[in-house]
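Q: My questions are about this predicted structure, shown below with the sequence.
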Amino acid sequence: MTDEPGSNRRLLLISNSTLHGSEYLDHCEGAIRTHLGGVKRVLFVPYARPGGITEDEYTAMARERFEKMGIELTSLHENMAKRTVIGGAEAMFVGGGNTFVLLSSLQELGLLEHIAERIREGMPYIGTSAGANIAGKTIMTTNDMPIVYPKSFNAIGAVPFVINPHYIDPVAGSTHMGETRETRIKEYHVFNSDSVVGLREGAMLETEGDRMRLWGSSKARLFRQGQEPQEYTPGADLSFLLE
């Protein structure tokens, strides 16, 4: 997208929807409630379809969870006038799953710029996993298989960097011979200069205007072209990444 959301953007970008030993959205419920600030109706974007479940099945799962928080959830796929629905949404929740399927669907429907516009207007946006990934400039650091072809890798661009959800550190003593996540991001930086934020499980970024902080139960790892990676702990001010 072309325009930066600026001082009105309100984003909660969560690495994962479920932590080991907990149920769907349990680990981030408090952050979601705080971020929504009393909003009672949320528009759900179900197109990532984790595990290939249907949009109806995904919506039912998300609706049940938000109802437990006292929040009504409607799904974008249930409405024909999608631009109108987005235009009137109090807040948006974009669920995780396959990032390529999610981005391709939004591109085919012509909705990326419309979502970016609503973010610029101050609509609260919550994204988990793939939903967090598409908030960045591109999806080029997703971990997902390209099972469909999007028109481009360009995403919403609500933040001027890219995100790697589910970032995993190398395991000492592992016999796995494949590339580590850090190796893949180094490969990305051979051809691209954008900063990459690796969000470990339980980590989340909250952006209010031109301020951004790291929250959750895990550290984040920042990768910048030509520099050594840096570690940030929950509570860290990462506003400099928005400049």
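A: Alright, I've got the coordinates.
Q: can you tell me the helix or strand for Tyr125?
A: Tyr125 is part of strand 124-128 when elements are defined by DSSP states H and E.
Q: let me redo that: Ala89
A: According to DSSP H and E, Ala89 maps onto no helix or strand at all.
Q: right, and it touches Met123 too?
A: Yes - under the criterion of Cβ atoms under 8 Å, Ala89 makes contact with Met123 at 6.1 Å. Glycine gets a C-beta too; all of them are placed from N, C-alpha and C.
Q: Just to be sure, Thr74 is in a strand?
A: Yes - counting by DSSP: H, G, I helix; E, B strand; the rest coil, Thr74 is found in a strand.
Q: Show me the beta-bridge partners of Glu208.
A: Arg10, Arg211 (DSSP bridges).
Q: Run a quick neighbour tally on it.
A: Applying other Cβ atoms under 10 Å, we find 17 residues neighbouring Glu208.
Q: do Glu121 as well
A: Residues lying near Glu121 (other Cβ under 10 Å) number 11.
Q: Spit out the contact partners of it.
A: Asn8 (Cβ atoms under 8 Å, 6 or more residues apart in numbering).
Q: Show me where the protein has its helices.
A: With helices called from DSSP state H, the chain shows them at 29-36, 55-68, 82-87, 99-108, 112-120, 130-133, 181-191.
Q: Do you know the pLDDT at Arg224?
A: Looking at Arg224, its pLDDT stands at 98.
Q: Give the buried residues for stretch 153-168.
A: Judged by neighbour count (16 or more other Cβ atoms under 10 Å), stretch 153-168 contains these buried residues: 153-159, 161-167.
Q: Tell me which residues touch the closest residue in space to Tyr58 that isn't next to it in sequence, please.
A: Closest residue to Tyr58 apart from its sequence neighbours, by Cβ to Cβ, 6 or more residues apart in numbering: Pro46 at 4.2 Å. For Pro46, the contact set (Cβ under 8 Å, 6+ apart) comprises Glu55, Tyr58, Thr59, Ala62, Ser75, Leu76, His77, Gly95.
Q: Now do Pro46 against Glu182, distance only.
A: 32 Å (Cβ to Cβ, to the nearest Å).
Q: now Ala132
A: Ala132 sits 19 Å away from Glu182, going by Cβ to Cβ.
Q: out of the two, which sits in the busier spot?
A: Applying other Cβ under 10 Å to Ala132 and Glu182 shows that Ala132 carries more neighbours, namely 31 against 18.
Q: Is that one in contact with Phe161, as I believe?
A: No - using Cβ under 8 Å as the test, Ala132 is too far from Phe161 to be in contact (11.9 Å).
Q: residues in contact with Tyr24?
A: Tyr24 is in contact with Ser17, Thr18, Met61, Arg65, counting by Cβ under 8 Å, 6+ apart.
Q: oh, I was asking about Leu205
A: With contacts defined as Cβ under 8 Å, 6+ apart, Leu205 is in contact with 11-13, 132, 159, 163, 197, 199, 212-215, 220, 238.
Q: Which of the residues you listed fall within strands?
A: Leu11, Leu12, Leu13, Ile163, Val197, Leu199, Met212, Arg213, Leu214, Trp215, Ala220 (DSSP state E).
Q: Mind putting those residues into TSV with distance to Pro146 and pLDDT?
A: Below are those laid out as TSV (distance: Cβ to Cβ, whole Å; pLDDT from 0 to 100):
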residue	distance to Pro146	pLDDT
Leu11	25	98
Leu12	27	98
Leu13	22	98
Ile163	17	98
Val197	22	98
Leu199	21	98
Met212	29	98
Arg213	32	98
Leu214	29	98
Trp215	31	98
Ala220	25	98
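Q: All good on my end, thank you.
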